[in-house]
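> Just to be clear, the model below is a prediction. Sequence and coordinates:
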Amino acid sequence: MPQLEVDGAALTYDDEGPRDGDGVPLVFIHGWTANRHRWDHQMDHFTQKRRVVRLDLRGHGESDGSGRRTVAELAGDVLAVLDHLEIDRFVLVGHSMGGMIAQTLTLDHPERVERLVLVNSISRMAYSRGRGLLMAVSTLVPFKLFVAANIQRAFAPGYPREKIREYVRASAGTSQEVVMTCYGAMRSFDVFDRLGEIRTPTLLVHGYHDIQLPVSQMLRMAKAYPDAVVRIVDAGHELPVEKPAELTAAVDRFVTDQR
């Protein structure tokens with residue numbers, strides 16, 4: 001279990017697959033309260049033929065440290081790991097908050113990102129008046145209830161309840177300081193007006209039943225991308241674990257496309 005010390009935090013990461021494999025390395029970035037194991041299916045598939053890196057973000061999973069106050073700071077952690085591994089060019093795959101990090105990295109370092117995959121992610125947090133009030137009120141309830149409410153509603157109807165409870169327990173293991181600090185970072189994230197700068201070929205994969213970051217918001221974002229492919233899947237917000245094989249196949253097709 002390799003780790004890298006970055007600004008007082010030990011960041012845990014995996015770096016697997018053949019160094020001389022097909023294409024540039026793939027880099028997977030998980031979302032809020034999750035960890036690098038959200039990508040187990042993709043890791044098993046892609047490491048057979050190319051180098052793959054994934055990490056636990058600061059304060060998540062097996063990484064320690066306090067939360068970052070901005071998505072840009074989280075992006076700096078990811079870049080520090082990639083620089084340490086001497087990976088100059090890569091494909092970024094980010095889920096939810098990880099997709100926000102991936103967009104930030106692409107805007108700041110376009111020459112390093114060969115392709116970009118955003119899974120259930122958006123470029124600006126936007127709420128209706130009613131949902132904004134609900135989200136504001138939810139921060140006032142006990143912490144574990146706040147986490148449970150957010151994770152339970154992240155899955156599409158019909159997803160097994162026992163599996164949802166497992167993810168709720170895992171997410172509640174993330175410290176309150178990290179959860180709430182990253183929550184604030186996401187709420188203030190906004191790169192919508194800069195999307196036209198992203199010339200990198202981009203795949204946007206989104207769950208049709210996502211009520212955390214609704215598909216309608218993603219579609220508005222997609223229009224601003226100069227070179228984007230959209231795929232909508234019968235899933236909720238947690239697409240990497242709800243439909244792992246479908247997501248893997250979509251990413252595989254996109255990164256091997258020779259257009």
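Here it is on my side, so go on. Numbers count the residues shown, from 1 in each chain.
> Next up, identify which helix or strand Thr12 is on.
Using DSSP states H and E, Thr12 maps to strand 9-16.
> Can you list the residue ranges for helices in the protein?
Taking DSSP state H as the test, the helices found in the chain are 40-46, 71-84, 97-108, 129-138, 143-152, 161-172, 176-187, 215-224, 239-242, 244-256.
> which residues touch the shortest one?
Contacting residues not belonging to helix 239-242 are listed as 38-39, 41-42, 95, 119-120, 155-156, 159, 163, 167, 205-207, 210, 233, 235-236, 247 [Cβ atoms under 8 Å, 6 or more residues apart in numbering]. Quick note: C-beta positions are derived from backbone N, CA and C, even for glycine.
> Any of these buried? List them.
Listed as buried from those are 38-39, 41-42, 95, 119-120, 155-156, 159, 167, 205-207, 210, 233, 235-236, 247; burial here means 16 or more other Cβ atoms under 10 Å.
> how about low-confidence regions in this structure?
Along the chain, the parts satisfying pLDDT under 70 run over 127-141, 258-259.
> run the last query once more with 80
Along the chain, the parts satisfying pLDDT under 80 run over 67, 126-144, 146, 257-259.
> Look up which residues are beta-bridged to the closest residue to Ala80 other than its chain neighbours.
Leaving out its chain neighbours, the residue that sits closest to Ala80 by Cβ to Cβ, 6 or more residues apart in numbering is Val6, at 4.6 Å. Beta-bridge pairing of Val6 under DSSP bridges involves Ala9.
> For Val6, which residues are in contact?
Contacts for Val6 (Cβ under 8 Å, 6+ apart) come out as Arg58, Asp77, Ala80, Val81.
> wait, which of those is closest to Leu105?
Asp77 (10.6 Å; Cβ to Cβ).
> so that closest one sits right up against Arg68, yeah?
Yes - look at Asp77 against Arg68 with Cβ atoms under 8 Å: they come within range, at 7.1 Å.
> Now list whatever residues contact both of the two.
Counting by Cβ under 8 Å, 6+ apart, the contacts common to Asp77 and Arg68 are Arg58.
> just the CA coordinates of stretch 208-218, formatted as CSV?
What follows is stretch 208-218, C-alpha atoms only, in CSV (Å, rounded to 0.1, in the frame of the first residue of the first chain):
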residue,chain,number,x,y,z
TYR,A,208,-30.6,8.7,-15.5
HIS,A,209,-32.0,8.4,-11.9
ASP,A,210,-29.3,10.7,-10.4
ILE,A,211,-31.1,13.1,-8.0
GLN,A,212,-27.9,14.3,-6.4
LEU,A,213,-26.6,15.9,-9.6
PRO,A,214,-29.5,15.7,-12.0
VAL,A,215,-28.9,14.6,-15.6
SER,A,216,-30.5,17.8,-16.8
GLN,A,217,-27.6,19.8,-15.3
MET,A,218,-25.1,17.5,-17.0
